[in-house]
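Colleague: here is my input; please provide its structure:
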Amino acid sequence: QRKPWFGGNWKCNGRVDSNKKLIDSWNSSKVASKSDVVIGAATIHLGQVKNTLRKDFSVAAQNCYFKGGAFTAELSPEMIKDFGLDWVILGHSERRNVFGEDDALIEKKSLAAVNAGLKVVGCIGEKLDDRKSGNTNKVVERQLNESFKSSIEKVGADFVIAYEPVWAIGTGLTAS
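Modeller: So this is what the prediction gives:
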């Protein structure tokens with residue numbers, strides 16, 4: 001049986017001082033020991049969070065590329081693993097909608113991550129026009145099948161799906 005899983009993604013937020021406050025809050029929290037807690041921190045803060053967050057919690061990189069090499073500002077799955085992290089967040093709506101990542105690229109990244117021994121948080125979610133037109137299921141099914149199916153088949157329960165509809169991000173609307 002899968003343990004309860006809790007995740008937080010700080011996105012492109014945080015400074016050393018504000019991170020310390022968040023980390024202190026997490027470190028003093030009373031979370032059941034049979035739960036997985038994973039914090040996604042900005043790349044520049046991964047070391048701070050990893051070194052100061054309580055050890056029964058995990059830290060996730062917020063993205064990776066599918067290989068190493070001459071790719072400025074990218075992280076390869078092997079670099080993330082070598083740094084001592086076990087998790088990576090892939091397919092987030094900002095990566096899809098702002099940076100233009102398509103399902104094929106996300107699938108390459110996801111497979112590379114699981115092949116390197118990382119656990120993946122695979123993000124799915126529809127835009128407001130998809131929801132209004134009744135296409136929510138079609139969109140998230142496509143994202144699951146085209147971005148993550150091969151990785152899920154490979155690792156099963158070590159893969160986490162995060163459903164966050166684009167229309168609910170920062171709007172105060174609740175996804176239901």
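Colleague: ramachandran angles for the residue of the chain most remote from its centre?
Modeller: Distance from the C-alpha centroid of the chain peaks at Ser133, with 27.3 Å (Cα atoms, centre = their mean). Dihedral angles of Ser133 (phi, psi; degrees, to the nearest 10) stand at phi -90, psi 10.
Colleague: run through the residues that contact the nearest residue to Trp167 once chain neighbours are set aside.
Modeller: Among residues not flanking Trp167 along the chain, Leu128 sits closest, at 3.7 Å (Cβ to Cβ, 6 or more residues apart in numbering). Just so you know, the C-beta spots here come from the backbone N, C-alpha and C atoms, and that holds for glycine as well. By Cβ atoms under 8 Å, 6 or more residues apart in numbering, the contact list for Leu128 reads Pro165, Val166, Trp167.
Colleague: pull out the buried members of these.
Modeller: Buried by 16 or more other Cβ atoms under 10 Å: Pro165, Val166, Trp167, out of the contacts of Leu128.
Colleague: on the pLDDT front, check the last one for me.
Modeller: Yep, that's Trp167 we're talking about. Looking at Trp167, its pLDDT reads 90.
Colleague: quick one: contacts for it?
Modeller: Going by Cβ under 8 Å, 6+ apart, Trp167 touches Glu126, Lys127, Leu128, Arg131, Leu173.
Colleague: for Thr171, see how far away the third one is.
Modeller: If I follow you right, that is Leu128. Applying Cβ to Cβ, to the nearest Å, the value for Leu128 to Thr171 is 9 Å.
Colleague: now the helices for this protein?
Modeller: 16-27, 46-52, 77-82, 93-97, 103-115, 128-132, 136-143, 149-155 (DSSP state H).
Colleague: nearest to Val121, out of those?
Modeller: helix 103-115 (10.0 Å; Cβ to Cβ).
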